[in-house]
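Engineer: Structure for this input, please:
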Amino acid sequence: MKECWPKKRLGDVCGIARGGSPRPIQAFLTVAADGINWVKISDATASGKYIYNTAEKIKPAGASRSRVERDGDFLLSNSMSFGRPYIMRTTGCIHDGWLVLSNYEGAFNQDFLYHLLGAPQVFGQFDRLAAGSTVRNLNIDLASRVVVPVPPLPEQRRIVALLDEAFEGIAIAKANA
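Structural biologist: A predicted model of the protein is given here:
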């Protein structure tokens, strides 16, 4: 990352909010057709960029006690496997183990933000800030303090194109190995 790029606190370049879990959760789980996807940390894979579906659904009444997120929304895990970024490819209510980032489009290309938040330099900040001794967590305030470079959007798109090409090459090499 270039030193000449401006650096800003994450909370200064995007909105950050926490998910919510209706309690007691067992009272809101459903298999009914009108159930709403219930997005938990376990619905994301460590190697995946997107969340396509969920294992469970909640009753529509639970949505008022949670946060409904949609295709394209940007999530960041805040507990257990904290600091992992994901992009929604479904609609659903997010568990309180998630933070949602919004209004970042003026500062970040979505794919660049995904790669940036997954970079060791940024994860290292999450790791230093995470609260707790046994189970470490991020919260809105801690995530807001993380300092990130903000290159110009055309430079972000160029970087994403290079990374996509590199990761495609790695995937081909793995498949051929």
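Engineer: C-alpha only now, for contacts and for neighbours.
Structural biologist: Fine.
Engineer: What residues sit buried inside the longest helix anywhere in the chain?
Structural biologist: Longest helix of the chain, by residue count under DSSP state H: helix 153-176. For helix 153-176, a neighbour-count test (16 or more other CA atoms under 10 Å) marks 156-157, 159-160 as buried.
Engineer: Can I get the residues you listed in TSV including pLDDT and distance to Arg18?
Structural biologist: As requested, those are exported to TSV (pLDDT from 0 to 100; distance: CA to CA, whole Å):
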residue	pLDDT	distance to Arg18
Gln156	96	27
Arg157	96	28
Ile159	94	29
Val160	94	27
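Engineer: now, among those residues, which is nearest to Ala32?
Structural biologist: Nearest to Ala32 among the buried residues of helix 153-176: Val160, at 40.3 Å, using CA to CA.
Engineer: and Tyr114, how many neighbours?
Structural biologist: 20 (other CA atoms under 10 Å).
Engineer: mean confidence score for the helix or strand harbouring it?
Structural biologist: Taking DSSP states H and E as the definition, one finds Tyr114 inside helix 110-117. The average of the pLDDT scores along helix 110-117 is 95.
Engineer: now the helix or strand following that helix against helix 110-117, angle please.
Structural biologist: Once helix 110-117 ends, the next helix or strand along the chain (criterion: DSSP H and E) is helix 120-129. If you take axes from the mean of the first three to the mean of the last three CA atoms, to 10 degrees, helix 120-129 sits at 60 degrees to helix 110-117.
Engineer: SS state for Ala61?
Structural biologist: Here Ala61 is recorded as helix under DSSP: H, G, I helix; E, B strand; the rest coil.
Engineer: can you check Tyr104 too?
Structural biologist: coil.
Engineer: That one touches Gly11, doesn't it?
Structural biologist: No. Tyr104 is beyond contact range of Gly11, at 9.7 Å (criterion: CA atoms under 8 Å).
Engineer: Report how many residues lie close to Asp73.
Structural biologist: Neighbours of Asp73 under the rule other CA under 10 Å: 17.
Engineer: Tell me how many other residues surround the residue lying closest to it once chain neighbours are set aside.
Structural biologist: Leaving aside its sequence neighbours, Asp73 sits nearest to Met88 (CA to CA, 6 or more residues apart in numbering; 5.3 Å). By the measure other CA under 10 Å, the count of residues near Met88 is 20.
Engineer: and Met88, what is it in contact with?
Structural biologist: By CA atoms under 8 Å, 6 or more residues apart in numbering, Met88 lies in contact with 50-52, 69-75.
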